[in-house]
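> sequence and predicted model, in that order:
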Amino acid sequence: MQTVVLEGLLHRGKTSLGMIKPMRHSYRVRPVLPPTSTFAGFRFPREVIVLAVRWYLRYELSYRDVEELMAERGIIVDHVTVYRWVQRFTPLLIDAARPCRHAAGDRWFVDETYAKVAGRWVYLYRAIDQFGQVIDVLVSQKRDLAATRQFFTRALKYGPSPIEVTTDHAAPYPRVLDELVPGACHVTEQYGNNPIEADHGRLKSRLRAMRGLKQLRSARAITAGHAFIQNIRRGHYELGADEPVKLRVPAAFNELVKAI
């Protein structure tokens, strides 16, 4: 007499000679499900989420300002929720746009500025090229050889190595440049870094409205998002490139929301 267990369990029986048959498995074929959207599980539509993120990164607004603007449009959302949206979706939008980004130029202007995070000053390494594209931003608690090396290692991923790098007289720069871009001309002349120092002002203006940052993770997301918005407005992405400057950011975000 045979006993058979169906639906993916073991099959067991005996042969005509009374020997027990070896057990084997029966598997059920599972359907292939479509990939889950990044916005799955959120109560608000993706258009609302991306709009809040875009407003916060583009304009000098606090999270409570965004909350109020949403309320004027009949959308009741807490400022803490807006904060969580910015932290979660800013890196995803930047990653989705990366294939559309122009390669960095061959003349770099590199400098550090400062921001206060949780009551302590941290360093913001920043670089732009001769066309005004923000190449990269690094938030670091220290201004030393390791931080400088990390910054240039990351920045070199965005295009060919530069032929000229302008910095201040900080000691780590010559050593790191000789190590990573030995063929580049290192310029340290007075006033040579005026382009990047002027660009710092735009970031400082954005950070001023935030009334202080509480976490390094938040500072990294926001400074990267600010650079991302700047590059879109300056035409360094193929996103919204055919639109007027005032409409480039909305057009780019409308395209990116479909990619994530």
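In hand now; what should we look at? Numbers count the residues shown, from 1 in each chain.
> only C-alpha atoms from now on, for both contacts and neighbour counts.
Fine.
> quick one: the helices in this structure?
46-58, 63-72, 79-97, 145-155, 172-180, 194-208, 216-233, 245-256 (DSSP state H).
> give me the distance from the last one to the chain's centre.
Going back to what we said before, that points to helix 245-256. 17 Å (Cα atoms, centre = their mean, to the nearest Å).
> same check on the fourth one?
Distance of helix 145-155 from its chain centroid, counting by Cα atoms, centre = their mean, is 17 Å.
> list the buried residues for that helix?
With burial defined by 16 or more other Cα atoms under 10 Å, the residues of helix 145-155 counted as buried are 147-149, 151-152, 155.
> partners of the residue lying closest to residue 151 once chain neighbours are set aside in the sheet?
Once flanking residues are discounted, residue 151 sits nearest to residue 138: 6.1 Å by Cα to Cα, 6 or more residues apart in numbering. Beta-bridge partners for residue 138, by DSSP bridges, are residue 125.
> check contacts around residue 138.
Residue 138 makes contact with 123-126, 151, 220, according to Cα atoms under 8 Å, 6 or more residues apart in numbering.
> ok, which pair from those residues is furthest apart?
Largest separation among these by Cα to Cα: 151 and 220, giving 13.0 Å.
> circling back to that earlier point, I'd like the buried residues of helix 145-155 laid out as CSV, including distance to residue 252.
Shown next, in CSV, are the buried residues of helix 145-155 (distance: Cα to Cα, whole Å):
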residue, distance to residue 252
147, 32
148, 32
149, 32
151, 27
152, 28
155, 23
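> closest to residue 236 among those?
Closest approach to residue 236 among the buried residues of helix 145-155 (Cα to Cα): residue 155, at 15.5 Å.
> how close does the residue lying closest to the closest one once chain neighbours are set aside get to residue 129?
Residue nearest to residue 155 in three dimensions, not counting chain neighbours: residue 136, with 5.6 Å by Cα to Cα, 6+ apart. In this view, residue 136 and residue 129 are 10 Å apart by Cα to Cα, to the nearest Å.
> with residue 58 instead?
Counting by Cα to Cα, the gap from residue 58 to residue 129 is 21 Å.
> show me what contacts the nearest residue to residue 67 once chain neighbours are set aside?
Once flanking residues are discounted, residue 67 sits nearest to residue 79: 5.3 Å by Cα to Cα, 6+ apart. Neighbouring residues of residue 79 by Cα under 8 Å, 6+ apart: 63-64, 66-67.
> relative to residue 53, which of those residues is nearest.
Among the contacts of residue 79, and counting by Cα to Cα, the member closest to residue 53 is residue 66, at 9.0 Å.
> quick check: the closest one touching residue 49?
No - at 11.2 Å, residue 66 does not count as touching residue 49 under the criterion of Cα atoms under 8 Å.
> who has more neighbours out of these two?
Relative neighbour count places residue 66 above the other of residue 66 and residue 49, with 22 against 19, counting by other Cα atoms under 10 Å.
> from residue 171, how far off is the residue nearest the centre of the chain?
Centroid-nearest residue in the chain, with Cα atoms, centre = their mean: residue 91, separated by 2.9 Å. Applying Cα to Cα, the value for residue 91 to residue 171 is 32 Å.
> right, I'll call it a day here.
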